[in-house]
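Novice: Pasting the sequence and the predicted coordinates here, then a few questions.
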Protein chains: 2
Amino acid sequence: MQPDEFRRIGHEVIDWIADYRERVGDLPVRSQVEPGWVRSQLAPLPERGEGFGGLLDDLDRVVVPGTTHWQHPGFYAYFPSNASLPSVLGDLISAGLGVQGMLWSTSPAATEVEQHLMDELVGAMGLPPSFVGGGVIQDTASSAALVAMLAALHRSSGKWRQSGVDGTETVYVSSQTHSSIERAARMAGLGEEAVRSIAVDDVLGMDVTALARQIQSDVDSGRRPVLVCATIGTTGTGAVDPVAEIAEVCARHGIWLHVDAAWAGPAALCPEFRGVFAGVERADSFCANAHKWMLTAFDLSLFWTAHPDVLVDALTILPEYLRNSATESGAVVDYRDWQIPLGRRFRSLKLWSVLRWYGLEGVRAHLRGHVDLASRLAEWVAADENWELVVPRSLSLVTIAHRDGDEATRRAMDAVNAAGTAFLTHTTVNGRFAVRVAIGAEATREEHVRAMWEALRSNR
Amino acid sequence: MQPDEFRRIGHEVIDWIADYRERVGDLPVRSQVEPGWVRSQLAPLPERGEGFGGLLDDLDRVVVPGTTHWQHPGFYAYFPSNASLPSVLGDLISAGLGVQGMLWSTSPAATEVEQHLMDELVGAMGLPPSFVGGGVIQDTASSAALVAMLAALHRSSGKWRQSGVDGTETVYVSSQTHSSIERAARMAGLGEEAVRSIAVDDVLGMDVTALARQIQSDVDSGRRPVLVCATIGTTGTGAVDPVAEIAEVCARHGIWLHVDAAWAGPAALCPEFRGVFAGVERADSFCANAHKWMLTAFDLSLFWTAHPDVLVDALTILPEYLRNSATESGAVVDYRDWQIPLGRRFRSLKLWSVLRWYGLEGVRAHLRGHVDLASRLAEWVAADENWELVVPRSLSLVTIAHRDGDEATRRAMDAVNAAGTAFLTHTTVNGRFAVRVAIGAEATREEHVRAMWEALRSNR
């Protein structure tokens, strides 16, 4: 494809996306197709090249019906994953440049724009100065957790790089911690038995007394506590672990404290929401997903550590074919040493596009708008005779259930999902089935939340 | 940003990329900036949003000078990473849709287009039928290697998920294997001591006798061989390990055979190049990067395993908030269980765009063109009185050195790189410094290779 063809077809693709975003609110949020339908519609690979028209036709004919529309204003499932249009353009520029930023020297701008943004966000989010110079973009919070765990293992034992794990390492989560931490422990060779699931208090935050007791008991029996994962905004209900108290326990035992704020993290841009981030200044690492609630197209997870030297030392390896004078000068950062893969995209461009287009005020308005909608919904639920809040609202996440029990809750949720104007997912809270209303799509307005709530309460 | 603004600005961004691609050949391939220059040019995050013009200005003013141009026709470094313009558009559509395909139900099309393409490529590349239904897109070959290793660990011991590694696991590579395998062993908790680096023969292929001897010796001393990584097309020189013979050894001991064809893999689309893939039909897993030599914008690594059930069982975890009826029906594949992260982009769109735009014939012409250029270069080198081939040409990779020794070779390479019309990187072959000429940028033509060669031989 020559640049001139790209110009012409590229304009068509841009227009297709604009049209899609204009009409996405009119589509059923969840795909209605049966397993196998999409495949049944696809042609074998062509021997000869075709134009781009066939693919655009297939988007309308197959892909759109086969898609669950994450950018729909009625998307309240999981956590919404914003792909704002400025971020789409930033991502496009990244693909268009086609650079691979594994080393500083393979694209200085890819490294330095990222360093600049990560350092600037430390200030903008009120994060501790210890994170300056320790920021890097990961693909997802799962990878960020794995990277934190590997750094923690390396810090905990000088023999880890050479000899691997020794079976005494222990990792601490709560029953509400995201499954990616347990999965990271499995991938790091620790096994599930190395993961202690600490009980939670009545607002689903980690019980610090139980944590301290478990750690002491493990130490007494010859185990080696390596990492505690505290969560600010759990996936289930948005619960917040007492980070400051957990940090105190970690400090006593030299344990790496990773704070997972994958969803709630961007809220730190608003001073009035910073209360839940107390204690973060003592974290060894911290993660927040810009691709969830910060308007940035998937995938872009913000990760900071106070110990980049430990992280790099844990992950670095330098074969001859990657040697270069810039690296050897020691004057540059090579981000390949900060992540699981070797190669990397110029991901910071899509974040830069967002921060410049919206400005910090614009991003804050986005966050505040959702929190405001969630508090209205929480008021409506609290005033309703049939529904109730299962836990207090957490920022923009409202977790609710029908007073008549699980069957009524599930039936109402299923009916709303089947109608196609909203998509809700569930969790369980102390064994009780509950609907999570995660407000966070860019296009969601009060009318959408109101309509979803009316649909939910009219079913049972 | 509203769809109409996106339409207008999106057209500008498309045009910017078209202009960039039109002029990229006139830019110095390697960025000429000093460490810190890019950062010194960047403004603090704005409080108020600005238009998109400032960012486009900064692309020209800061990003382009700060970029090493991977799409330049004079890029012969590392392995070129094609970001063809149809793949850029496919990637754009993915960002524009903004779906997250962690589960089938979160976007059936993202899962099924990927399944379709991966199965179709099994046929098109002459891969074994055992890979049908076992294909998945990874971000990079490093992640693919880690995933293969985790599956191998799980298959090797029923206790791995629960208890982790036990310190007897052993992994086999050659001295030429990519560093990502040793790094994966470190990340999986095995430590570097678990990695055996097997000697190579005079064409830098793994010495199978030495491999068999080492495995037997390890077994005799109570160790547990888990994985052998064979490479088809090493990073240093494009060497090919004797996969069929290695498979024989692996079969005797029940060892997982991972074949890393990250660079050379796409060549399997051309029947005349399939000789080097002999034995792949016995591999447990296989990896080829579409983002290197298959015209697809980074990141897109093709990974197949003959044992998807083992892989899924190794990596799966199912918290309540991800439960859904499609998954529970067993009728669908949830690709979150096939990879390190949980979330995932709709990456197959960019591969689909490539395969439809170029057709299989077009992709084959791309591959053949580079191999043809490389064989001409190899002839010129062989006929030269001062330069020589250090190893035989491998597909499109030509590894050469000056007969006067390392100093002469390095001086010539540095001079060409400093001139800015070509970018070459080096390796060492049996301690000898050698220049790798990796021909593979989409825009590279005979005139470019000829000019690079003339520049190289005029220096010493």
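Specialist: On my side now, so go ahead. Residues are numbered from 1 along each chain as shown, chains lettered A, B, ... in the order given.

Novice: which residues in chain A form strands?
Specialist: Along chain A, counting by DSSP state E, strands occupy A:135-138, A:169-174, A:195-198, A:224-231, A:256-260, A:285-289, A:301-305, A:387-389, A:397-402, A:425-429, A:432-438.

Novice: Which residues does the shortest one contact?
Specialist: When you say that, I think you mean strand A:387-389. A:378, A:381-382, A:398-403, A:456-457 (Cβ atoms under 8 Å, 6 or more residues apart in numbering or on different chains). Where you see a C-beta, it was placed from the backbone N, CA and C, and this is true even at glycine.

Novice: can we see that at 10 Å?
Specialist: By Cβ atoms under 10 Å, 6 or more residues apart in numbering or on different chains, the residues outside strand A:387-389 that reach it are A:377-382, A:398-404, A:408-409, A:412, A:434-435, A:453, A:456-457, A:460.

Novice: about what we covered before: how about the strands of chain A, which one is nearest residue B:209?
Specialist: For residue B:209, the closest of the strands of chain A is strand A:169-174, at 37.9 Å, according to Cβ to Cβ.

Novice: pLDDT of that closest one, averaged?
Specialist: Summarised as a single mean, pLDDT over strand A:169-174 is 98.

Novice: List the neighbouring strands of that strand plus their orientation.
Specialist: Here strand A:169-174 has these sheet partners by DSSP bridges: strand A:195-198 (parallel), strand A:224-231 (parallel).

Novice: quick one, the longest one and strand A:256-260 angle?
Specialist: Comparing the axes of strand A:224-231 and strand A:256-260 via axes from the mean of the first three to the mean of the last three Cα atoms, to 10 degrees yields an angle of 20 degrees.

Novice: quick one: strand A:224-231 to strand A:285-289, angle?
Specialist: 30 degrees.

Novice: For strand A:224-231, the averaged confidence score.
Specialist: Per-residue pLDDT over strand A:224-231 has a mean of 98.

Novice: Measure how far that strand is from the centre of its chain, please.
Specialist: 19 Å (Cα atoms, centre = their mean, to the nearest Å).

Novice: Angles on the backbone of residue A:278, please.
Specialist: phi -60, psi 130 (degrees, to the nearest 10).

Novice: which residues does residue A:25 contact?
Specialist: Listed by Cβ under 10 Å, 6+ apart, the contact set of residue A:25 reads A:69, A:71-74, A:421, A:441, A:443-445, A:448.

Novice: Most widely separated two among these?
Specialist: Most distant of the contacts of residue A:25, by Cβ to Cβ, are A:69 and A:445, 16.1 Å apart.

Novice: Looking at these two, which one has more neighbours?
Specialist: Set residue A:69 next to residue A:445 and count neighbours by other Cβ atoms under 10 Å in any protein chain shown: residue A:69 wins out with 24 against 13.

Novice: Chain B versus residue A:274, what's the distance?
Specialist: As judged by Cβ to the nearest Cβ, to the nearest Å, residue A:274 and chain B stand 17 Å apart.

Novice: Do I have it right that residue A:340 meets residue B:140?
Specialist: Yes: between residue A:340 and residue B:140 there is a contact under Cβ atoms under 10 Å: 8.5 Å.

Novice: Nearest to residue A:212, out of the strands paired with strand A:169-174?
Specialist: Ranking the strands paired with strand A:169-174 by proximity to residue A:212 (Cβ to Cβ) places strand A:195-198 first, at 9.6 Å.

Novice: How about residues contacting the closest one?
Specialist: The contact list for strand A:195-198, computed with Cβ under 10 Å, 6+ apart, reads A:170-177, A:181-186, A:206-215, A:217-218, A:223, A:225, A:227-229, A:241, A:246.

Novice: ChimeraX command for the buried members of those residues?
Specialist: Buried subset of the contacts of strand A:195-198, written as a ChimeraX selection, criterion 16 or more other Cβ atoms under 10 Å in any protein chain shown:
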select /A:170,171,172,173,174,176,177,181,182,183,184,185,186,206,207,208,210,211,212,214,215,218,223,225,227,228,229,241,246
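
Novice: so how far is stretch A:193-206 off the chain centroid?
Specialist: Mean-position distance between stretch A:193-206 and its chain equals 21 Å (Cα atoms, centre = their mean).

Novice: can you check stretch A:123-138 too?
Specialist: Stretch A:123-138 has its C-alpha centroid displaced from the chain centroid by 17 Å (Cα atoms, centre = their mean).

Novice: same deal with stretch A:230-239?
Specialist: 12 Å.

Novice: what's the span of it from first residue to last?
Specialist: Start to finish, the residues bounding stretch A:230-239 are 10 Å apart (Cα to Cα, to the nearest Å).

Novice: Which stretches in the stretch 1-150 of chain A count as helices?
Specialist: Counting by DSSP state H, counting those that start in this stretch, the stretch 1-150 of chain A has helices at residues A:3-23, A:37-40, A:53-58, A:85-97, A:108-124, A:141-156.

Novice: Could you point out which of those helices sits nearest residue B:23?
Specialist: Distance to residue B:23, taken as Cβ to Cβ, is lowest for helix A:3-23 among the helices of the stretch 1-150 of chain A, at 9.4 Å.

Novice: Kindly spell out which helices and strands sit in contact with the closest one.
Specialist: Under the contact criterion of 3 or more Cβ pairs under 10 Å, 6 or more residues apart in numbering or on different chains; DSSP states H and E, helix A:3-23 touches helix A:53-58, helix A:85-97, helix B:3-23, helix B:85-97, helix B:348-382.

Novice: Relative to chain B, how far out is residue A:44?
Specialist: For residue A:44 relative to chain B (Cβ to the nearest Cβ), the value is 6 Å.

Novice: What of residue A:382?
Specialist: Plainly put, residue A:382 is 23 Å away from chain B if you go by Cβ to the nearest Cβ.

Novice: got the contact list for the residue of the stretch 351-460 of chain A found nearest chain B?
Specialist: For the stretch 351-460 of chain A, the residue closest to chain B is residue A:359, as judged by Cβ to the nearest Cβ, at 3.8 Å. Contacts for residue A:359 (Cβ under 10 Å, 6+ apart) come out as A:365, B:45-50.
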